[in-house]
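# Dropping the sequence and predicted coords here.
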Amino acid sequence: MNMRNTIDRYGTLSIGLHWSMLLLFVAVYACIELHEFFPKGSDLRATLKIWHFMLGLSILILASIRLVVYVTGLVPRIEPDPPKWQMQSAKLIHIALYALMIAMPLAGWLLLSAEGKPISFFGLHLPALIGKSKYLADLIKEIHEAGGTIGYFLIGLHAAAALYHHYFVRDNTLRRMLPNRD
């Protein structure tokens, strides 16, 4: 299989990045949802929040790589050609997903900065992006939480569309992103 995309299918780099992002999203959402089950101040709750932050920043790094790969590579064609409205809808959802993958980790970094908390990334201590501010922390937290809710919707819509195309339309939309079984 090709490392880079071809006109017929995604390459191993794009496929690996795509499915790695899915695993990271699952882990990020799991950490933040599960931390609620533990008492405030508990070690496990704090650990889950730290992992949420570190995995979120990992999404930012992989999203940046994905963006470079996307901009410099080919997008495999869908066969048979879908209607124009579906192509435009898919493009809008992809733009929204990339915005989510970049904006959410940055919002998390800004939130920690505004709260005056350390920003740890697998042993590295990242600098604060802004000064401590309770007002900004509260505002950014609301935006970040709303973005998380929107993320559930976007990811679900993306997955549902892929499954719809695979099982009902029976085109190659999903198969282009699956590892080659040849």
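Arrived safely, thanks for sending.

# What is the least confident helix or strand in the protein?
Using mean pLDDT, DSSP states H and E, strand 119-121 stands out as the lowest-scoring helix or strand of the chain, at a mean of 93.

# Residues in contact with it: which ones?
Ile50, Phe53, Met54, Leu57, Trp109, Leu112, Ser113, His125, Leu126, Pro127, Ala128 (C-beta atoms under 8 Å, 6 or more residues apart in numbering). Every C-beta, even on glycine, is put in place using the N, C-alpha and C of the backbone.

# That strand pairs with which strands, and in what direction?
If you go by DSSP bridges, strand 119-121 pairs up with strand 124-126 (antiparallel).

# I'd like the next helix or strand past the partner strand.
Past strand 124-126, further along toward the C-terminus, the next helix or strand under DSSP states H and E is helix 134-164.

# chain center to that next one: distance?
10 Å (C-alpha atoms, centre = their mean, to the nearest Å).

# Point out where this protein drops to low pLDDT.
Judged by pLDDT under 70, the chain has its weakly predicted residues at 1, 181-182.

# From what I see, Leu154 and Leu100 are in contact.
Yes - with contact defined as C-beta atoms under 8 Å, Leu154 counts as touching Leu100 (6.0 Å).

# Grab the most central residue of this structure for me.
Most central in the chain under C-alpha atoms, centre = their mean is Met101, positioned 4.1 Å from the mean C-alpha point.

# which phi and psi does that residue have?
phi -70, psi -20 (degrees, to the nearest 10).

# Identify the residue spatially nearest to it, adjacent ones excluded.
Closest residue to Met101 apart from its sequence neighbours, by C-beta to C-beta, 6 or more residues apart in numbering: Ala63 at 3.6 Å.

# The helix or strand hosting the one you found to helix 134-164, inter-axis angle?
For Ala63, the host element (DSSP H and E) is helix 43-72. Going by axes from the mean of the first three to the mean of the last three C-alpha atoms, to 10 degrees, helix 43-72 is angled at 60 degrees with respect to helix 134-164.
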